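1. Next come a sequence and a model predicted from it.
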Amino acid sequence: MTTAAIVSFRLGGTDGVSIEAAKWQWALRELGFSARTVAGSGPVDVTVPGLSIGAEQEPSPAEVDQAIEGTELVVVENLCSLPLNPAALEVVAGCCRGRATILHHHDLPWQRANLARYPGPPDDPAWAHVTINELSRRELAAHGVEAVTIYNTFDTEAPAGVGTAVRNALGVGRNERLVLQPTRALPRKGVAAAIALAEALGAVYWLLGPAEDGYGPELERLLASARCPVRRGQVEGTSMADAYAACSVVALPSSWEGFGNPTVESAVHRRPLAVGRYPVAAELAAFGFEWFDAGNPAALAAWLDRPDTGLVNRNLAVARRHFSLHDLPGRLAPVLASLGFGVDQGQTVTGN
């Protein structure tokens, strides 16, 4: 069996990179790979602490070489895309020189104001680059790096969650409006805008994820001054599907997302989405999604007063047509072929 290593800062969590890396791991296995996970933290097969964001000690080339030893393919998930640990980036890039590697880019340094001074991702003739949106693919091309776009994918046939128990646990009545922001709290996530939306709708505001990158004090200030009831964190023993089933509206008022998984997850779970004006949102909307402007609560309030099931049905159809997880192995196959791996009609990969 052909062996792959999936490498990142952290894996196995609820952040977008971890979620998509797990889908790629499944797709690689569908294609005949045995895939191990390597990261600085998380429930992974091999832990190399120096790969973590904010690691106290740099990873050694020997550690990384040992972690990927015996693999024919390496997939680097964002670690060589964003310089969140520059030492780890240099070591991983060095260890992957000359070997079949896919750099899976979720973000690029110039897309973050605090990282714009850093150069673009490294490159090597033995590598392939994959972006999760066309904007990043075009920007990489302008920097002399050719890439292909593979959009994030989703289980578009996922069963509906059970929202009643979640609402009961949150103390939210059956007829109360509940605005779910299913993200972490960071400056670019637009927490203030999501709270303002909940206030305008007369709704309860529910933030699912924790504060990160030093945003805790600002988050506490925003929540304390909110003119609506506030709930935080996922209800123990429930799933993301249950969270979506419990809410009335999904809020994603971000200023930047490499993709923004709630755009498709809201469609899969048949909930209206209030979205911010981040650049990739326009790219995704072009597939045919119908969303509400997070800055225009009146239009959303009118929809909630008289819900149009046709809107959520159409969004689900778009998600199934363009973003199905079951299509991911077939989309990965040409990238693997470019690295010398052959895929037979049964979608089994042979050596490079």
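-> In hand now; what should we look at? Numbers count the residues shown, from 1 in each chain.
2. ok now stretch 297-306, how far from the chain's centre?
-> Averaging C-alpha positions (C-alpha atoms, centre = their mean, to the nearest Å) puts stretch 297-306 28 Å from its chain's average.
3. Remind me which helix or strand Ala160 belongs to.
-> Under DSSP states H and E, no helix or strand contains Ala160.
4. Now do the same contact list for it.
-> Residues counted as contacts of Ala160 (C-beta atoms under 8 Å, 6 or more residues apart in numbering) are Ala241, Ala245, His269, Arg270. In this view, the C-beta of every residue, glycine as well, is placed from N, C-alpha and C.
5. now it: how far from Ala274?
-> From Ala160 across to Ala274, the span is 21 Å (C-beta to C-beta, to the nearest Å).
6. Can you give me the domain assignment for the protein?
-> Listed by automatic domain parsing, the domain ranges of the chain are 2-153+325-350, 164-322.
7. Serialize those domains to JSON lines and add fields for mean neighbour count and mean pLDDT.
-> Shown next, in JSON lines, are the domains of the chain (neighbours: other C-beta atoms under 10 Å; pLDDT from 0 to 100):
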{"stretch": "domain 2-153+325-350", "mean neighbour count": "18", "mean pLDDT": "95"}
{"stretch": "domain 164-322", "mean neighbour count": "18", "mean pLDDT": "97"}
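8. So which of the contacts of Ala160 are in helices?
-> Counting by DSSP state H, the part of the contacts of Ala160 found in helices is Ala241, Ala245.
9. List the contacts of Arg167.
-> Taking C-beta under 8 Å, 6+ apart as the test, what Arg167 contacts is Gly173, Arg174, Glu176, Leu178, Ala246.
10. and of the residues you listed, the nearest to Thr131?
-> The shortest gap between Thr131 and any of those belongs to Ala246, at 33.2 Å (C-beta to C-beta).
11. Show me what whatever helix or strand Val92 lives in is packed against.
-> Under the criterion of DSSP H and E, Val92 resides in helix 86-96. Applying 3 or more C-beta pairs under 8 Å, 6 or more residues apart in numbering; DSSP states H and E, one finds that helix 86-96 contacts helix 61-68, strand 73-77.
12. other SSEs contacting the helix or strand Ala198 falls within?
-> Assigned by DSSP H and E, Ala198 falls within helix 191-201. Counting by 3+ C-beta pairs under 8 Å, 6+ apart, the packing neighbours recorded for helix 191-201 are strand 178-181, strand 204-207, helix 216-224, strand 249-252, helix 297-305.
13. Could you rerun that using 7 Å?
-> strand 178-181, strand 204-207, helix 216-224, helix 297-305 (3 or more C-beta pairs under 7 Å, 6 or more residues apart in numbering; DSSP states H and E).
14. Are there helices or strands packed against the third one, and which ones?
-> Translated: helix 216-224. Using 3+ C-beta pairs under 7 Å, 6+ apart: helix 216-224 touches helix 191-201.
15. got a list of what the residue nearest to Asn133 when sequence neighbours are not counted touches?
-> Closest residue in space to Asn133, ignoring its immediate chain neighbours: Val280 at 4.8 Å, by C-beta to C-beta, 6 or more residues apart in numbering. Applying C-beta atoms under 7 Å, 6 or more residues apart in numbering, we find Val280 in contact with Asn133, Leu135, Glu257, Gly258, Phe259, Gly260.
16. hey, C-alpha coordinates of the helix or strand following the helix holding Val92 in PDB?
-> Of the helices and strands lying after helix 86-96 in sequence (DSSP H and E), the nearest is strand 101-105. The C-alpha atoms that make up strand 101-105 are tabulated as PDB, following Å, rounded to 0.1, in the frame of the first residue of the first chain:
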ATOM      1  CA  THR A 101       4.600  16.600  -1.900                       C
ATOM      2  CA  ILE A 102       1.300  18.500  -2.000                       C
ATOM      3  CA  LEU A 103       1.200  21.900  -0.400                       C
ATOM      4  CA  HIS A 104      -2.400  22.400   0.500                       C
ATOM      5  CA  HIS A 105      -2.900  26.200   0.900                       C
END
